[in-house]
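**Q** the following block contains a protein sequence and its predicted model.
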Amino acid sequence: MNRPNIVVVLSDEHTGTAAGWAGHPGVRTPNLDRLAAQSLSFDRAYTNSPMCVPSRLSLMAGQYVHQIGAWDNGVIPGPEFRSWGHHLTDYQTVIAGRTHFNGPDRLLGFDRRLTDDLDFWLDHSGRPPRRTPDWQRPTNSHVTEHGAGDHVHTQHDVDATDAALDFLRDPGPEPYLLYVGYMHPHFPLVAPPEFRALYDPAEVELPPSWDESVSSQHPVISLLRHGFRNDEPITEEQVREATVCYWALISHLDHQIGRLLAAIPDDTVVIYTSDHGEMAGHHAIWQKQCFYEPAVRVPLLLRHPSLAPARITSHVSLIDVLPTLREIAGLPPDPALPGHSLLDPVDRPVLSEYHAQGMPDAGYMLKSGPWKYCYYGPAQPPQLFNTEADPHELQDQSTKNTQTAKLDAQLRTILNPDQTNQTAKSHQASRARHP
């Protein structure tokens with residue numbers, strides 16, 4: 001059978017609304033906009049965990065975080081882990097750039113790697129995070145370290161593009177799955193000067209909750225802000241500059257993707273997405289680690305030569321990527337995978353979960369229709385938002401709406417949240433004893 005070549009591009013921390021095709025009035029993404037015009041564009045795509053390693057391992061395995069024990073950023077996948085490379089055995093499977101695979105196995109089922117992660121991002125010890133209420137990140141540099149300048153992340157992304165282009169010039173006769181992983185727009189918010197110059201901080205429209213007080217917030221969110229030092233005061237000037245630097249990193253990412261797209265034949269399948277979003281000052285939070293829309297909603301584009309471009313409003317998530325790759329490769333559906341092919345999207349509730357620092361107990365999100373339900377265990381109140389009527393998620397309706405009980409019951413058809421919380425803690429405690 002004729003198996004099309006596939007290129008998957010994964011960025012880091014690109015929230016789903018920060019792009020021209022997504023309707024953002026400021027961010028410049030001309031290359032991704034052109035790709036979107038040729039693609040299925042998924043307007044309600046979500047990460048299955050607002051944390052790098054859990055999200056990426058879930059994406060690669062096509063399974064939920066709790067199914068594969070990908071609890072936190074220190075997890076080292078074991079020999080039982082099955083990635084895209086284990087599934088698409090009729091393809092040559094090639095990696096360029098960032099995967100955030102911890103441990104000595106740099107392939108995890110792929111055939112070869114052209115360039116690797118930056119080593120200082122990798123955890124080779126398997127140590128778990130400290131999940132006590134007094135934990136704090138050393139600094140709030142994820143927002144205060146910003147401006148125009150050179151950074152190793154930028155060079156990493158250029159090198160990944162260069163390596164991918166070298167491969168594309170002579171890929172050989174076998175069909176290929178080429179994965180290209182970028183660091184941008186992950187913090188630190190140090191942007192190449194020519195891209196920083198595209199933006200004026202004075203033109204930034206600040207989110208309505210950019211200076212939201214810790215005391216007014218849900219107790220879990222307040223503790224999370226404390227842990228990541230998002231409770232430390234920053235000025236409006238700093239917020240504006242950090243915002244345009246984030247946009248500038250997205251524009252640099254777009255430039256690298258444009259270089260790739262220029263070398264990819266029209267009959268090649270192209271998928272673009274990100275591991276999770278970036279709060280970028282919404283609710284006075286920077287980074288992710290929570291379930292507000294900027295943290296969990298991701299861009300997702302799928303260009304397929306036999307599919308007409310369309311905007312898709314069905315709820316989908318990153319676990320749907322592997323079933324899609326299998327279908328493109330001519331493989332039958334795998335009943336062990338909970339996702340569904342994006343070639344025939346089905347609107348279903350989306351699960352996201354978090355089991356790491358800043359939350360002593362697990363957090364879970366179930367998104368269904370306009371409703372988002374967040375569960376934080378029996379000792380903490382939940383949250384419920386109508387994201388269509390209240391897009392900034394300012395009005396918690398958990399005590400006022402029957403959707404709370406309905407979505408809680410739906411959540412429990414997927415997992416037992418309290419039991420899963422204990423399982424995660426047990427696994428993390430075991431790793432602490434036996435790194």
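**A** Looks like it arrived, so ask away. Numbers count the residues shown, from 1 in each chain.

**Q** so which elements touch the biggest helix by length in the chain?
**A** Across the chain, the helix with the greatest residue count (assigned by DSSP state H) is helix 236-263. The contact analysis (3 or more C-beta pairs under 8 Å, 6 or more residues apart in numbering; DSSP states H and E) places helix 236-263 against strand 6-11, helix 30-37, helix 141-144, strand 146-148, helix 152-169, strand 189-191, helix 193-196. Yep, even glycine has a C-beta here, placed from its N, CA and C like the rest.

**Q** quick one: the helices in the stretch 201-350 of the chain?
**A** 219-227, 236-263, 293-296, 321-328 (DSSP state H, counting those that start in this stretch).

**Q** what is the mean pLDDT for the second one?
**A** Meaning helix 236-263. Mean per-residue pLDDT for helix 236-263: 98.

**Q** what residues sit buried inside it?
**A** Judged by neighbour count using 16 or more other C-beta atoms under 10 Å, the buried positions of helix 236-263 are 238-258, 260-261.

**Q** contacting residues for the nearest residue in space to Leu394 that is not next to it in sequence?
**A** The shortest distance from Leu394 to any residue that is not its chain neighbour, by C-beta to C-beta, 6 or more residues apart in numbering, is 6.6 Å, and that residue is Ser209. Counting by C-beta atoms under 8 Å, 6 or more residues apart in numbering, Ser209 touches 282-284, 392, 394.

**Q** if I look at Ser209, how far off is His252?
**A** With distances defined as C-beta to C-beta, to the nearest Å, the gap from Ser209 to His252 amounts to 27 Å.

**Q** likewise Arg348?
**A** For Arg348, the distance to His252 under the criterion C-beta to C-beta works out to 34 Å.

**Q** find the helix or strand that the closest residue to Gln397 other than its chain neighbours is a member of.
**A** Nearest in space to Gln397, with sequence neighbours left out and distances taken as C-beta to C-beta, 6+ apart, is Leu384 at 4.7 Å. Leu384 is located in strand 383-386, with elements delineated by DSSP states H and E.

**Q** over to Ser430?
**A** helix 417-433.

**Q** kindly report the same for Arg28.
**A** Remark: Arg28 resides in no helix or strand, with elements defined by DSSP H and E.

**Q** and the nearest residue to it once chain neighbours are set aside, how far from Thr29?
**A** On the basis of C-beta to C-beta, 6+ apart, the spatially nearest residue to Arg28 that is not a chain neighbour turns out to be Ser251, at 5.1 Å. Spatial separation of Ser251 from Thr29 under the definition C-beta to C-beta is 7 Å.

**Q** what of Asp418?
**A** Going from Asp418 to Thr29 by C-beta to C-beta gives 41 Å.

**Q** point out where this protein drops to low pLDDT.
**A** In the predicted model, the chain carries pLDDT under 70 at residues 1, 435.
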